[in-house]
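S.K.: Below are the sequence and a predicted model; questions follow.
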Amino acid sequence: MKLFDDCDRTHSKRALYAESRFSFLNRSTWPECVRMREVLEGWFSRYPAKHTSEMAARFRADGWSYEAAFFELCLHEILLQLGCEVEPHPDIRGISAHPEFLVHALDGSEFILEAVLATNQTDTDLRKAAVMNRLFDELDKRIESNDFFVSVMLFGKPKQQPSANRITKFLHEKLAELDPDQVAAEYFRLGLQSLPRWIYQIDDRCHFEFGPIARKAEFRHERNTRPLGVISDEGGIVHDVPAIRGAVNKKSKRYGKLDKPYVVAVNLMSATVEDRDVIQALYGPGGVWDRQRNKQVSAVLTTNWVMPISVPRANPRLLHNPSANMIYDSALTVLPQEFKRESEIEHRDGHSLGDVLGLSTTWPHDRNDHETERD
């Protein structure tokens, strides 16, 4: 069984806004995607056959399933490269639930590894984002302008699906009033503040702010197939500590008292998370291990947004529970580690995931790749 489709691929452009990560990776001809598919197929081929059907289905499912499935596949491969034997979803005596992995290390030690994502986004948030992404795909199809890209900023959340027809008409009227050479000249003279800004009110709590970006003159004779250029929203305060703490707490008592060290691997799905957030979530006041709580968790392995495109740069850290029932001292200690000694945090250097998996720091890019205008 293969993870990706065995087919001829012709898609050389960017992903659609509403397209899943797996769908784009599965159909793209980009050299980076070719490399990622080849490596992931290798990992998948080493995953136990009786579990591959479920794993492949999760890669294609909605919500956070793709990210969770990839994280587990990546952890499995890391353990294999460290010389371990790995049993997915093992039977544990006296426990009805099945953890992700039972790991047998080269030195004869064993431990249980559980995987979880830490994110501030719920499945409801993802569904709402999907609605807007479908709108952006429709606007890309409908907006006709070889002279301009259009930047988009969303303020608030709409009560209902905005009309692509009405927004397209609004933008066509605005763009028709502009001279691309004049807009470009003003931009180079005065910067972003010179660009027009157009407010499109959706309802009483939500509006778009659009702006024109002049295309380079040498490309204006070509059809602009992806007119939406920059898309963003108003942002907000992101609370990473509760997300990390909640993810570990969710797994901490799931299997009760175990006779082996128990490690929880957490993929931090946030662009804003910092090392101090992890320390605070685990060791700080109210943290997972504050007041000697959750002694059954021996250690927590964190990675920052580990995805196919970012594995070597995922910043792994193995943080040890100072009050653990069972000390963890096995295969994963080759990675960077953190120990709490009284009121201080002791750091030990270790290997990167790139070192363990044989991926360069520039993965999946190659110096021979050349940039093209990927509409």
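M.R.: Sure, I can see it. Only a predicted model underlies this, so the values are computations on that prediction, with no experimental measurement involved.

S.K.: where's Leu318, which helix or strand?
M.R.: When secondary structure is defined by DSSP states H and E, Leu318 falls within strand 317-320.

S.K.: Please state the offset of that strand from the chain centre?
M.R.: Put simply, strand 317-320 sits 21 Å off its chain's centre (Cα atoms, centre = their mean, to the nearest Å).

S.K.: That one: which residues count as buried?
M.R.: Counting neighbours by 16 or more other Cβ atoms under 10 Å, one finds that the buried residues in strand 317-320 are 317-320. Yep, even glycine has a C-beta here, placed from its N, CA and C like the rest.

S.K.: Parallel or antiparallel, which strands does it pair with?
M.R.: Pairing partners of strand 317-320, with direction, according to DSSP bridges: strand 299-304 (antiparallel), strand 337-341 (parallel).

S.K.: and among these, the most buried is which?
M.R.: Compared across the strands paired with strand 317-320, strand 299-304 shows the largest average neighbour count, a mean of 24 (mean count of other Cβ atoms under 10 Å).

S.K.: avg pLDDT for that strand?
M.R.: Mean per-residue pLDDT for strand 299-304: 98.

S.K.: Residues in contact with it: which ones?
M.R.: With contact meaning Cβ atoms under 8 Å, 6 or more residues apart in numbering, strand 299-304 is reached by 71, 113, 244, 248, 261, 263-268, 273, 278, 282, 288, 313-321, 324, 328, 332, 335, 353.

S.K.: same check, this time on stretch 153-160
M.R.: Residues outside stretch 153-160 that contact it (Cβ under 8 Å, 6+ apart) are 128, 132, 202-203, 205-210, 231-234.

S.K.: wait, Ala18 sits on Asp137?
M.R.: Yes. Applying Cβ atoms under 8 Å as the test, Ala18 and Asp137 come out as touching, 5.2 Å apart.

S.K.: Could you give the number of residues near Gln296?
M.R.: As a burial measure, Gln296 scores 18 neighbours (other Cβ atoms under 10 Å).

S.K.: so it makes contact with Lys260?
M.R.: No. Using Cβ under 8 Å, Gln296 is not in contact with Lys260; the gap is 10.5 Å.

S.K.: got the contact list for Ser232?
M.R.: Taking Cβ under 8 Å, 6+ apart as the contact definition, Ser232 lies against 152-154.

S.K.: in the helix or strand encompassing it, what's buried?
M.R.: Using DSSP H and E, the secondary-structure element containing Ser232 is strand 228-233. For strand 228-233, the neighbour count (16+ other Cβ under 10 Å) marks Leu228 as buried.

S.K.: go on, stretch 152-168?
M.R.: Buried positions in stretch 152-168, judged by neighbour count with 16+ other Cβ under 10 Å: 152-154, 158, 162, 164, 167-168.

S.K.: Among those residues, which one lies nearest to Asp240?
M.R.: For these, the closest approach to Asp240 (Cβ to Cβ) belongs to Leu154, at 22.4 Å.

S.K.: Okay, now the sheet partners of whichever strand or helix holds the closest one, with direction.
M.R.: Secondary structure assigned from DSSP H and E places Leu154 in strand 148-155. The pairing partners recorded for strand 148-155 under DSSP bridges are strand 206-214 (antiparallel), strand 228-233 (parallel).

S.K.: For those strands, give me CSV that also has mean pLDDT and distance to Phe59.
M.R.: Supplementary listing: the strands paired with strand 148-155 in CSV, determined by pLDDT from 0 to 100; distance: least, Cβ to Cβ, whole Å:
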stretch, mean pLDDT, distance to Phe59
strand 206-214, 95, 33
strand 228-233, 84, 26
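
S.K.: Reformat those strands as TSV; add distance to His89.
M.R.: Written out in TSV, the entries for those read as follows (distance: least, Cβ to Cβ, whole Å):
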stretch	distance to His89
strand 206-214	44
strand 228-233	38
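
S.K.: Of all those strands, which one comes closest to Trp64?
M.R.: If you check each of the strands paired with strand 148-155 against Trp64 by Cβ to Cβ, strand 228-233 wins as the nearest, at 19.7 Å.

S.K.: Which SSE is immediately downstream of that closest one?
M.R.: helix 240-252.

S.K.: got a list of contacts for that next one?
M.R.: Counting by Cβ under 8 Å, 6+ apart, helix 240-252 makes contact with 114, 116-120, 264, 266, 268, 270, 272-274, 277-278, 280-282, 284, 286-288, 294, 296-297, 300, 302, all of which sit outside it.

S.K.: Just the buried residues of stretch 172-180, please?
M.R.: Taking 16+ other Cβ under 10 Å as the neighbour-count basis, stretch 172-180 is seen to contain the buried residues 174-175, 180.

S.K.: same question for that stretch, mean pLDDT?
M.R.: Stretch 172-180 shows a mean pLDDT of 97 in the predicted model.
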